[in-house]
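Undergrad: Return atomic coordinates for the entry below.
(chains A, B, C and D)
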Number of protein chains: 2
Amino acid sequence: MIDQRLQVLRVLAEVGTLTEAAHRLGYTPSAVSHQLRSLSKDLGLTILEQRGRGLALTRVGQLLLERAQELFTRWEEIRGELAEADAGSPMRQRRLRLCGFSTAAATLLPPTAEKVNELFPDSHVTIIEAEPEECFELLVTEQADIAVVVATDPLPPRSDVRFEQNALVSDRLDLLVRSDHRLATRSAVSLNEAAEESWILDRPGSPYHRLVRTACAAAGFFPENAHQSREWETGAALVSAGLGVALIPRLARLPEGYDVARVPLRGDPVPSRKILTGVRSGSAGQPIIAAALTILHEVAASVAQRDAAASAE
Amino acid sequence: MIDQRLQVLRVLAEVGTLTEAAHRLGYTPSAVSHQLRSLSKDLGLTILEQRGRGLALTRVGQLLLERAQELFTRWEEIRGELAEADAGSPMRQRRLRLCGFSTAAATLLPPTAEKVNELFPDSHVTIIEAEPEECFELLVTEQADIAVVVATDPLPPRSDVRFEQNALVSDRLDLLVRSDHRLATRSAVSLNEAAEESWILDRPGSPYHRLVRTACAAAGFFPENAHQSREWETGAALVSAGLGVALIPRLARLPEGYDVARVPLRGDPVPSRKILTGVRSGSAGQPIIAAALTILHEVAASVAQRDAAASAE
DNA sequence: ATCGATCATGCAATATTATTGCACGATCGA
DNA sequence: TCGATCGTGCAATAATATTGCATGATCGAT
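TA: Below you'll find the predicted structure:
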C-alpha cells in the first residue's frame, strides 16, 4: 500500500552497499539502483550519496525513512480496524503466516496453527521455518505476520519502532548427560556442578554458544569446549557417545534412541533462553493476528506446564 | 507513494459507476475493474458491492477511504519536512504547477509564476487553465499543486479534508454599461439603480448566473434576463451594442475597442465573488508551495490595489 | 412484459513498466 | 600498483498493467 521502494531504501541503509541490499531482497544490483534512482527522482530529493565504494543515506534519506515508518505503522493499524469492520464478509482476511526458528516451528507453531484454524474455520495458516534474523525480514516484507524468535544479540532491539516485540516464554535450559552419568538421576542440579565436564557447544560466534557461555559465566566457570554441534540432535548423539555434556532448551524435542538424560537446572535465575513474539508495528490490532498471539501464549504456557510436570516425574 | 488504486476507489465512490470513473481517470472500464478487484483481493476486504447497475462502496470501503486520507495528508506534510531539510540539494523539488479558472490564469497566475521564478531561480513553474471542478481533480491526482478557484456551489466544501482552502481575494463586481448610458459617468452606483435594465447574464444554472441573481436579490430585484453570454468578451460586445447591462468582476480584463464603461458598485457588502486557493491537505508545508501561496496573496492584493486606484481616477 | 440502453466483468492481445545481464569507470585494501 | 568490490547505464528480456471486445445482468420506457 505504501511504496515498496522505501523498504528497499531501508535495507540499503542497513547493509550499506547496494549489491548486498540487492542480494538480501533477491534482486540484482541494477534493479535496486534503478529503483532508488527513480525514488529519488520522484521525490525530488537527494537521498543517497556515495561513501567510499558503497552508498550511504543523506540526512534527508534518513529522515524519509523515519517518517515513512510512521505511515507503515499507521497503515497496519488501519488494516486492523478495517478487518474488524469487515468481520462477516466472505472476502475477509483469512491468511496468517507464522514464522519461527526451528524449535518454535516444531513445538509452538503447529498447535497454534491448529487452534487458529478451529477459531477461524476458513483461515489458511502457513508456517515458515526461518532463522531469527530472517524472521524479521519476513515480517517487514509482508511475507509473514508473526515471528517467534529467541532473544539474541544480532536481532533488532526491542525498541525498534518497526516491530512490536513481546516476551512469549522463558525456555529453561536442561543439562543433557549420558544415562550413566553421575548427575543423570538427580532431580535437579546447579550448573556449576558440571563445571569440570567436557562441553558440547554450538560453534563459537553463534547466539547459542554465547548464551551457554554467559550462563556458565554466571555460574562461575568457563566451559571446556570439547565439541561443536549445530543441531540439538547432533549434540544428543555426542552426549550419548559419552563425549561430554550439553545444555538443551526444554522446548527442544529429541528423537528417541539416544542414551541420554535431561536434568533440570536450578539457580537464580534459572538458566534459560527468552523467546519473543514479533509483529509489524500496528498490526496487532488485526483480529486474526491478535487471536493468534493470544493462542500462542496459551500454547507456550501449556507446553511449559506439561514439561514442568514431565520433569517432576 | 501511497497506492494510487485508492484514488481510483475515491473517484468511483464519487461517481457511482465504474464506467464513469474510468472515463474521468482516462482509463477503460476494464482497467478500473481490474484495479479495484486486485485492491480488494490484496486487502482481503469486500470494499465494493453491486448496487443496481452501478457499484457502491461497502461500509468497509468507505472506512478505507476515510482512513487513507489520513495517510495522504500525512505524506504531504512529510514531503514538506523533507523538502525543507533538503534545501541546498541539487535535486531539490523545483517544479510547481498552478491551476486556475480563466480569469485567474490570465490575471493572477502569470505574475505569481514570475515572482516564484525569481525567488527560486532554478524552478519550473507551470500554469494550467482549468474549470474550478477540474482544478480539484488536478490537485488530487498530483497534476497540480495549487488551485485558484471561485467559491461556487458545486465545489468541494471548505470542510473537505482532502484540501486546505483559503480566501485569496474578494473580487468586486462592476456594472458594465455602454458609454452613453445614464450611469456611465457616475463614480459609483448601487446595484438597485440598474434594477430596470435589460440584463446580460451567463446561462441559467451556471455558477456566475447564480452569483449575479443572488447579488440582485440582495439588492431587492430580479434582473430581466435579456441575453445570455458565457464569456466576458461576449457580454462586453452585447453591452457595447446597447443590448443591456452586465456585471463583470474587477479582475476580468476586457479587450480594447468596446464602447463600454465600468462603474464600481457600492453597497454593504459590495457585490463580489470570492476567490479561493486550494492545496492538497498537508502540502502547504512544502517550501515552494508555501512561498507561492504568499506571493499569490501579495499579487492579489496589489492587483486589487491597482484596480481600486484605476477606478478612482 | 419486452426491448434497448447502460453497466460490470472476464479473457486474450497488446502496450507499458520493471528487471536482468553485462560492460564500464571508480574506490579501496594489500 | 594490482585485483577485488562497488555503483551505474544500456539494450534485451521478463513481468505487469491496460485495452478491446464479447457476455450476462439491471434498469427505464414503451
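
Undergrad: residues from chain A in reach of DNA strand C?
TA: Selection of chain A residues close to DNA strand C by CB under 7 Å from any atom of the strand yields A:26-31, A:34-35, A:38, A:50, A:52-53. (Glycine included, C-beta is placed from N, CA and C.)

Undergrad: Type out the PyMOL command that picks the buried ones from those.
TA: Here is the PyMOL command that selects the buried residues among the residues of chain A next to DNA strand C (16 or more other CB atoms under 10 Å in any protein chain shown):
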select buried, chain A and resi 27+35
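
Undergrad: can you tell me which of the residues of chain A next to DNA strand C are in helices?
TA: Mapping the residues of chain A next to DNA strand C onto helices (DSSP state H) picks out A:29-31, A:34-35, A:38.

Undergrad: does any bit of the helix or strand containing A:R97 sit next to chain B?
TA: For A:R97, the enclosing helix or strand under DSSP states H and E is strand A:95-100. Yes - judged by CB under 8 Å from any CB of the partner chain, strand A:95-100 comes into contact with chain B at A:R95.

Undergrad: strands paired with that strand, and their directions?
TA: With DSSP bridges as the test, strand A:95-100 is paired with strand A:124-129 (parallel), strand A:146-150 (parallel).

Undergrad: Report the mean per-residue pLDDT for it.
TA: Here strand A:95-100 scores 89 as its mean pLDDT.

Undergrad: any idea how far it is from the chain center?
TA: Remark: strand A:95-100 is offset 12 Å from the chain centroid, using CA atoms, centre = their mean, to the nearest Å.

Undergrad: Show me what counts as buried in the helix or strand following that strand.
TA: Note on strand A:95-100: by DSSP H and E, the next helix or strand toward the C-terminus is helix A:102-107. Buried positions in helix A:102-107, judged by neighbour count with 16+ other CB under 10 Å: A:103-105, A:107.

Undergrad: List the buried residues of stretch A:123-137.
TA: Those buried within stretch A:123-137 under the rule 16+ other CB under 10 Å are A:123, A:125, A:127-130, A:132, A:134-137.

Undergrad: between these, which is nearest chain B?
TA: For these, the closest approach to chain B (CB to the nearest CB) belongs to A:S123, at 10.9 Å.

Undergrad: Now the closest one: closest residue in space that isn't a chain neighbour?
TA: Once flanking residues are discounted, A:S123 sits nearest to A:R94: 4.2 Å by CB to CB, 6 or more residues apart in numbering or on different chains.

Undergrad: OK, contacts around that neighbour?
TA: By CB atoms under 8 Å, 6 or more residues apart in numbering or on different chains, the contact set of A:R94 is A:120, A:122-124, A:288, B:44.

Undergrad: again, but for A:T234
TA: Applying CB under 8 Å, 6+ apart, no residues contact A:T234.

Undergrad: Give me the pLDDT for it.
TA: 84.

Undergrad: Buried ones in whichever helix or strand it is part of, by neighbour count?
TA: Secondary-structure element containing A:T234, defined by DSSP H and E: helix A:232-240. Neighbour counts using 16+ other CB under 10 Å place A:232, A:235-240 of helix A:232-240 among the buried residues.

Undergrad: Pull the distance from stretch A:6-22 to the chain's centre.
TA: Stretch A:6-22 sits 21 Å away from the centroid of its parent chain (CA atoms, centre = their mean).

Undergrad: now check it, is it near DNA strand D?
TA: Yes - residues of stretch A:6-22 contacting DNA strand D under CB under 7 Å from any atom of the strand: A:17-20.

Undergrad: Which parts of chain A belong to which domain?
TA: A:1-91, A:92-169+A:274-312, A:171-272 (automatic domain parsing).

Undergrad: Which of those comes out lowest on mean pLDDT?
TA: domain A:92-169+A:274-312 (a mean of 85).

Undergrad: chain center to that one: distance?
TA: Put simply, domain A:92-169+A:274-312 sits 9 Å off its chain's centre (CA atoms, centre = their mean).

Undergrad: ok, is it in contact with DNA strand D or not?
TA: No - figure legend: domain A:92-169+A:274-312 not in contact with DNA strand D (CB under 7 Å from any atom of the strand); closest approach 14.0 Å.

Undergrad: Redo the buried residues of helix A:232-240 as JSON lines? Include distance to A:D3.
TA: JSON lines is the format used below for the buried residues of helix A:232-240 (distance: CB to CB, whole Å):
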{"residue": "A:W232", "distance to A:D3": "42"}
{"residue": "A:G235", "distance to A:D3": "46"}
{"residue": "A:A236", "distance to A:D3": "48"}
{"residue": "A:A237", "distance to A:D3": "50"}
{"residue": "A:L238", "distance to A:D3": "50"}
{"residue": "A:V239", "distance to A:D3": "52"}
{"residue": "A:S240", "distance to A:D3": "54"}
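
Undergrad: Need the max-distance pair from the residues you listed.
TA: A:W232 and A:S240 (12.1 Å; CB to CB).

Undergrad: Over to the residue in the stretch 151-300 of chain A that DNA strand C sits nearest to. Which of the three states is it?
TA: Residue nearest to DNA strand C within the stretch 151-300 of chain A: A:G205 (19.9 Å; CB to the nearest atom of the strand). Assigned with DSSP: H, G, I helix; E, B strand; the rest coil, A:G205 falls in the coil class.

Undergrad: burial of it, as a residue count?
TA: 7 (other CB atoms under 10 Å in any protein chain shown).

Undergrad: CA atoms of stretch A:152-171 as CSV?
TA: The C-alpha trace of stretch A:152-171 is given here as CSV (Å, rounded to 0.1, in the frame of the first residue of the first chain):
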residue,chain,number,x,y,z
THR,A,152,19.7,-12.9,21.0
ASP,A,153,22.3,-10.3,20.2
PRO,A,154,22.1,-9.5,16.5
LEU,A,155,18.3,-9.1,16.4
PRO,A,156,16.6,-5.7,16.1
PRO,A,157,16.4,-4.2,19.5
ARG,A,158,13.1,-4.3,21.4
SER,A,159,12.9,-0.5,20.8
ASP,A,160,12.9,-0.8,17.0
VAL,A,161,9.8,1.0,16.0
ARG,A,162,9.2,-1.2,13.1
PHE,A,163,8.2,-4.1,15.3
GLU,A,164,6.3,-4.8,18.5
GLN,A,165,8.1,-7.5,20.4
ASN,A,166,6.8,-9.2,23.5
ALA,A,167,8.1,-11.9,25.8
LEU,A,168,6.4,-15.2,25.0
VAL,A,169,8.0,-17.7,27.3
SER,A,170,11.2,-18.3,29.1
ASP,A,171,12.6,-21.6,27.8
